[in-house]
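Trainee: Pasting a predicted model and its sequence here:
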Amino acid sequence: MTAAPAAAPVRRPARTARAGAVASALVAALVLALTLAVSFGSVDIPVHEVWTVVAHRITGTAPEAGTRDLIVWQLRVPRALLAALVGAGLGLVGTAVQALVRNPLADPYLLGISSGASLGAVAVIVLGAGTGFAFGFGVSAAAFAGALGSFALVWAIARRGGGFAPMRLVLAGVAIGQFLSGFTSFLVLQAGDDQQTRGVLFWLMGSLGAATWDQLAAPAAAVALGWLALQARARHLNALLMGDETAAGLGVDTARLRRELFAVTSLLTGVLVAVSGAIGFVGLLVPHVCRLVVGGDHRRLLPLSALTGAVLLVAVDTVARNALDTQELPIGVVTAVVGAPVLLYLLDRRLERG
Amino acid sequence: MRITIEQVTVALGGRDVLSDVGLIAAEGEIAGLVGPNGSGKSTLLRTVYRHLRPRAGRVLLASRDVRSLAPAEAARHVAALPQERGSDFEFSVREVVAMGRTPYKRAFAGDDERDRAAVAEALEQVGLGAYADRRFAQLSGGERQRVLLARAFAQQPDVLVLDEPTNHLDVRHQVELLAVLRAQRRTTLISLHDLNAAASLCDRLHVLHRGALVASGTPREVLTPELLAEVFGVRAAVVEHPLTGDPLIAFDHRQPAPATRAEASTGGTAGETSTGGTAGEASAGERTVPV
């Protein structure tokens, strides 16, 4: 940190009031994004019909059986909800990881967690005889095990010598991430047939294409529990950002807090990767942008990052489904194309501010 | 509340960086720690705010071992201002000061009237009442340090532990910060680089040298030309400050003190300072701290 520039300091309005307004706006945006996501597609369905179908289903009144009901309720609604859950989860994980490594531009990819989760999932898909694309419990469990294993490995390397240094953690994460990605690529080449290879590759780039109602339970539970676990520790996350000694002086058991964050992060990443593949930039950018708007206090930042991630991913998935007439784009391609310029802009901004 | 450090020994990386140090800060007393770089000042302070666990010895808060208290309870009694400056995570001044309320709050609990009052009062005490909505990272170094001190005040502690709070501040800001501490009259344990500042502020001084306590007493008793030559390796005269009457150390900036017997036998001070520095006052670059 260098000294502040001489420019007149900005007086901010009370952040709590602003956060309330932002939260309301985000909830409205989420409802709108979900509605449009269900409405747009190879067959466009008018918004009022979307809500008619949903209302019938929710109230249990006689549903209008038919293609409309099938498209809206069986195909698009679960996919839109999955997008919202994954986006919320990525926002939460990104926030937690940034506090964990005390770096406002970190995410599960940087620490090799996502690579571990991908390796676990791909291993089960490719090696698991005949399971094909069954995104069942096996893939989730393997992704979680992969996330936990890679994070533990990165942690052990970063902690050698008994200390904790955020930069060491990041470098270890990048190295292990590359190492594991190599194995994943090798496994993909071992896939039985071209179709399977294409399928795995598509999924590695991120896809919500396999969304069904049955699949929503695991990510919904993981996101809800993860959010509660993090929200309960919001003040401690704030303290951790000021430094380990400061946190210790404020009564935070930093070693224990790190272990807990480690577990929550691995669990969430594992479940998210299992249902959606590897989607980059959301976990990195969402908390960062939210911080610029409502400030760094995790009591506000966590829920707003979750909401923003949800809105963003629902919108991005809608684009991914509809951008090309001939095929769906992998969602990771869209987040990368949108995310990279935003990241560069933010880096620039940080440099200017010093 | 009185703080008693009982024969504390701290090992880092298998080496004792602090051995057998004992001292007392009485109720309402400002106790200063002085010593060259790497003498163990920060290490000793870290055992008081529970960042480091002593290998032997105890730190007593009144009559209770700080290690026997729950982390949050210890933090309600002892507030620390370490040398960390915090990174740019978009916190406002109010949010940074409100972190001082952490040990009082349960999970999910919001700020209540008492928290808001404590934060406002702490900001007033450091003279930054109008700064609550500013961005912490945009403040000057001196203002930031006062905000961090306000965070310690918001903790409403019985004991303040301050590690080189005036480091990197210009003289005016140093004087302001020390004036705030003087006005508070809380039990305070403070490490200071500036011996004249220490002589002016502290009721008692404790001198650390190579991880051991070598002198304790009032500034006038402790800060003798002999000790300054022996411990700090400088020639100095100690006179009376013409304005305040405090002891004033007039250093000879032309040449260091001739090498003493102790330094000759351990082969000089250069190696000692560089290895001790990693344990004691790591100030630049990546900090490596035990988890």
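Mentor: Arrived safely, thanks for sending.

Trainee: Could you use CA atoms for every contact and neighbour count after this?
Mentor: Noted.

Trainee: Tell me the spatial nearest neighbour of residue 144, not counting adjacent residues.
Mentor: Going with chain A. Counting by CA to CA, 6 or more residues apart in numbering or on different chains, residue A:144 lies nearest to residue A:270, which is 3.8 Å off, once chain neighbours are set aside.

Trainee: Not quite, go with chain B.
Mentor: In space, and not counting its chain neighbours, residue B:144 is closest to residue B:136: 6.7 Å by CA to CA, 6+ apart.

Trainee: State the distance from that neighbour to residue B:91.
Mentor: Distance check for residue B:136 against residue B:91: by CA to CA, to the nearest Å, it reads 6 Å.

Trainee: Only the buried residues of the strand or helix carrying residue B:22, if you could.
Mentor: Here residue B:22 sits within strand B:15-25, counting by DSSP states H and E. By neighbour count on 16 or more other CA atoms under 10 Å in any protein chain shown, the buried set for strand B:15-25 is B:17-25.

Trainee: now swap in stretch A:338-351 and tell me
Mentor: Judged by neighbour count using 16+ other CA under 10 Å, the buried positions of stretch A:338-351 are A:339, A:343, A:346.

Trainee: For stretch B:63-83, list the C-alpha coordinates in PDB.
Mentor: Provided in PDB are the C-alpha atoms of stretch B:63-83 (Å, rounded to 0.1, in the frame of the first residue of the first chain):
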ATOM      1  CA  SER B  63      -4.100 -13.900  37.700                       C
ATOM      2  CA  ARG B  64      -5.200 -16.000  34.700                       C
ATOM      3  CA  ASP B  65      -3.100 -17.500  32.000                       C
ATOM      4  CA  VAL B  66      -4.100 -16.000  28.600                       C
ATOM      5  CA  ARG B  67      -3.800 -19.500  27.100                       C
ATOM      6  CA  SER B  68      -6.500 -20.800  29.400                       C
ATOM      7  CA  LEU B  69      -9.000 -18.300  28.100                       C
ATOM      8  CA  ALA B  70     -11.200 -18.800  25.100                       C
ATOM      9  CA  PRO B  71      -9.900 -16.700  22.100                       C
ATOM     10  CA  ALA B  72     -12.800 -14.300  22.200                       C
ATOM     11  CA  GLU B  73     -12.600 -13.800  25.900                       C
ATOM     12  CA  ALA B  74      -8.900 -13.100  25.800                       C
ATOM     13  CA  ALA B  75      -9.600 -10.500  23.100                       C
ATOM     14  CA  ARG B  76     -12.200  -8.800  25.300                       C
ATOM     15  CA  HIS B  77      -9.400  -8.100  27.700                       C
ATOM     16  CA  VAL B  78      -6.400  -7.600  25.400                       C
ATOM     17  CA  ALA B  79      -6.500  -5.500  22.200                       C
ATOM     18  CA  ALA B  80      -3.500  -5.700  19.900                       C
ATOM     19  CA  LEU B  81      -2.100  -3.300  17.200                       C
ATOM     20  CA  PRO B  82       0.300  -5.500  15.300                       C
ATOM     21  CA  GLN B  83       2.500  -4.200  12.600                       C
END
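
Trainee: Can you report how many residues lie near residue A:175?
Mentor: Neighbourhood size, residue A:175 [other CA atoms under 10 Å in any protein chain shown]: 16.

Trainee: and it, what does it touch?
Mentor: Each residue near residue A:175 by CA atoms under 8 Å, 6 or more residues apart in numbering or on different chains is listed here: residue A:112.

Trainee: follow-up on the earlier one: more neighbours, residue B:136 and residue B:91?
Mentor: Neighbour comparison, residue B:136 and residue B:91: the larger count goes to residue B:136, with 26 against 23 (by other CA under 10 Å).

Trainee: which bits of the stretch 251-354 of chain A sit near chain B?
Mentor: Within the stretch 251-354 of chain A, the positions near chain B by CA under 8 Å from any CA of the partner chain are A:251-255, A:291-292, A:295-297.

Trainee: Let me have the residues you listed in TSV, adding pLDDT as columns.
Mentor: Putting these into TSV (pLDDT from 0 to 100) gives the following:
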residue	pLDDT
A:251	96
A:252	96
A:253	94
A:254	92
A:255	89
A:291	92
A:292	89
A:295	90
A:296	91
A:297	94
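
Trainee: I'd say residue A:154 and residue A:172 touch.
Mentor: Yes: the criterion here is CA atoms under 8 Å, and residue A:154 meets it with residue A:172 at 5.5 Å.

Trainee: Now for those two: what residues contact both?
Mentor: Common neighbours of residue A:154 and residue A:172 (criterion: CA under 8 Å, 6+ apart): residue A:111.

Trainee: which residues touch the spatially most central residue of chain A?
Mentor: Nearest residue to the geometric centre of chain A (CA atoms, centre = their mean): residue A:90, 1.6 Å. Counting by CA under 8 Å, 6+ apart, residue A:90 makes contact with A:269, A:272, A:282-283, A:306, A:309.

Trainee: one step back: SS state for the residue nearest to residue A:144?
Mentor: Here residue A:270 takes the helix state, with states given by DSSP: H, G, I helix; E, B strand; the rest coil.

Trainee: how much space between it and chain B?
Mentor: Going from residue A:270 to chain B by CA to the nearest CA, to the nearest Å gives 25 Å.

Trainee: and that residue, how many neighbours?
Mentor: 31.

Trainee: need the residues of the stretch 101-250 of chain A near chain B, please.
Mentor: Going by CA under 8 Å from any CA, the residues of the stretch 101-250 of chain A near chain B are A:102, A:104, A:161-165, A:167, A:231-236, A:238-239, A:241-246, A:248-250.

Trainee: taking the residues you listed one by one, which sit in helices?
Mentor: Assigned to helices by DSSP state H, the following of these qualify: A:167, A:231-232, A:234-236, A:238-239, A:241, A:244-246, A:248-249.

Trainee: Pick out the most distant pair among the residues you listed.
Mentor: With CA to CA as the measure, no two of these lie farther apart than A:167 and A:232, at 26.7 Å.

Trainee: in chain B, which spans are helices?
Mentor: B:41-48, B:71-77, B:93-98, B:113-125, B:141-154, B:171-184, B:195-201, B:219-222, B:225-227, B:261-266, B:270-279.

Trainee: now residue B:67, nearest residue through space, not along the chain?
Mentor: Leaving aside its sequence neighbours, residue B:67 sits nearest to residue B:50 (CA to CA, 6+ apart; 7.2 Å).

Trainee: Can you tell me how far residue B:242 is from chain A?
Mentor: Distance, residue B:242 to chain A, using CA to the nearest CA: 35 Å.

Trainee: ah, wrong one, I meant residue B:154
Mentor: From residue B:154 over to chain A the distance is 11 Å, taken as CA to the nearest CA.

Trainee: now the end-to-end length of stretch A:55-65.
Mentor: So stretch A:55-65: terminal residues 14 Å apart, CA to CA.

Trainee: Does residue A:301 touch residue A:289 like I think?
Mentor: No: between residue A:301 and residue A:289 there is no contact under CA under 8 Å: 10.1 Å.

Trainee: Looking at the two, which one has more neighbours?
Mentor: Comparing residue A:301 with residue A:289 by neighbour count (other CA under 10 Å), the higher total belongs to residue A:301, at 24 against 17.
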